[in-house]
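>>> No sequence on hand, only this structure:
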C-alpha cells in the first residue's frame, strides 16, 4: 500500500483522486495475479518422490545408515542417525541443508551435492516408508 | 589401612563422577519441557508440527547430542569444517544448553518409543 504514497503523492494530497485509486486497484490486482502465478508454478515444479526408483540409488546410503552400530567420529564419536521411518520432508530438508552448506559433514556434503532434486525426493520417499 | 582408605576414597570419587556424567532421564524430560521443545517437535517427540521437522523419539542418544553440539558450533561461528548446523531457531535453543542438558535431553529422547529404525 506504499505504492500509492510513493507513486501518486500529489493526487493523494489533493484528496485521493479517482485516477490514483483506480490505478492503485489495478496494481493490487496485478500483484495478486503475478504472485498466484508464481505460487502455482512453484507447485507444478515440485518433484514427486518415487520410493521404488530409490532402490537403485540407496547403495550410497546403506554403507553407513544400514549398518547397525555404525559410527562417525568427528568432532565427537556418534552413531549415524536412524533414517528409516523419519519424516520424508525432513530428510529432504536435511539433504538440501548439506548441499547448501547450512549443515556440514564431509561425506554427506559430497553425497548431497551429487544428488538431483528427483534423487532427493526418491530417497526421502523410500526412507520415510522404510520402517 | 591407609591404602584401604585411599582405595575407598578413590571408589567414592569414581562413583561420584560417574553419577555426575551419567545422563539423567528425569532431568532430561524436565529440560525438554523447560525449553518447550514440544511446541515444534510434538509432545511425544514424534509428531512435529511440520513434516520438515525431524522425529526425535527413539533416535540414537549420541547422534542427538552430536546434532545439538553441531547447532552450538554453528551458532558460535565455528568453521564449516567442524561439522556444524546453522539454524536460527535450533541454534538459539542449543546455545542455552549446558553439556549436561545436552546429554540428559538426548538420553530421554532416545528412551522414548518412536518409528525410527536402522533397517528392517
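Arrived safely. All values derive from a computational prediction rather than experimental measurement.
>>> alpha carbons only for contacts and neighbour counts from here, please
Will do.
>>> in the helix or strand hosting residue B:91, what's buried?
In this structure, residue B:91 is located in helix B:88-94 according to DSSP states H and E. For helix B:88-94, the buried set under the neighbour-count rule, 16 or more other Cα atoms under 10 Å in any protein chain shown, comprises B:90-91, B:93-94.
>>> Show me where chain A has its strands.
Here chain A has its strands, by DSSP state E, at A:71-72, A:78-79.
>>> Of those strands, which is nearest chain B?
Each of the strands of chain A was scored for nearness to chain B using Cα to the nearest Cα, and the closest is strand A:78-79 (5.0 Å).
>>> Residues of chain A that sit close to chain B?
A:65-68, A:74-93, A:101-106, A:130-131 (Cα under 8 Å from any Cα of the partner chain).
>>> neighbours around residue B:40, how many?
Burial of residue B:40, expressed as a neighbour count using other Cα atoms under 10 Å in any protein chain shown, amounts to 14.
>>> my guess is it meets residue B:48, correct?
Yes - applying Cα atoms under 8 Å as the test, residue B:40 and residue B:48 come out as touching, 5.5 Å apart.
>>> Run through chain A and note the low-pLDDT ranges.
Within chain A, the stretches falling below the threshold (pLDDT under 70) are A:1-45.
>>> C-terminal to the helix or strand of chain B with the lowest mean pLDDT, what's the next element?
The helix or strand of chain B with the lowest confidence, counting by mean pLDDT, DSSP states H and E, is helix B:2-21 at a mean of 57. Proceeding N to C from helix B:2-21, the next assigned helix or strand is helix B:25-34, under DSSP H and E.
>>> What helices and strands are in contact with that following helix?
Under the contact criterion of 3 or more Cα pairs under 8 Å, 6 or more residues apart in numbering or on different chains; DSSP states H and E, helix B:25-34 touches helix B:99-111.
>>> got the angle between the helix it packs on and helix B:25-34?
Angle of helix B:99-111 versus helix B:25-34, following axes from the mean of the first three to the mean of the last three Cα atoms, to 10 degrees, is 100 degrees.
>>> Only the buried residues of helix B:99-111, if you could.
Going by neighbour count (16+ other Cα under 10 Å), the buried part of helix B:99-111 is B:100-110.
>>> average pLDDT for it?
Averaged across helix B:99-111, pLDDT comes to 98.
>>> And the closest residue to residue A:52 other than its chain neighbours, how far from chain B?
Spatially, and ignoring its direct neighbours in sequence, residue A:52 is nearest to residue A:126 (7.1 Å; Cα to Cα, 6 or more residues apart in numbering or on different chains). Relative to chain B, residue A:126 is positioned 12 Å away (criterion: Cα to the nearest Cα, to the nearest Å).
>>> Identify the residues contacting residue A:126.
Contacts here follow Cα atoms under 8 Å, 6 or more residues apart in numbering or on different chains; on that basis residue A:126 touches A:50-52, A:54-55.
>>> Make CSV out of the residues you listed and add neighbour count.
As requested, the contacts of residue A:126 are exported to CSV (neighbours: other Cα atoms under 10 Å in any protein chain shown):
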residue, neighbour count
A:50, 17
A:51, 19
A:52, 12
A:54, 20
A:55, 12
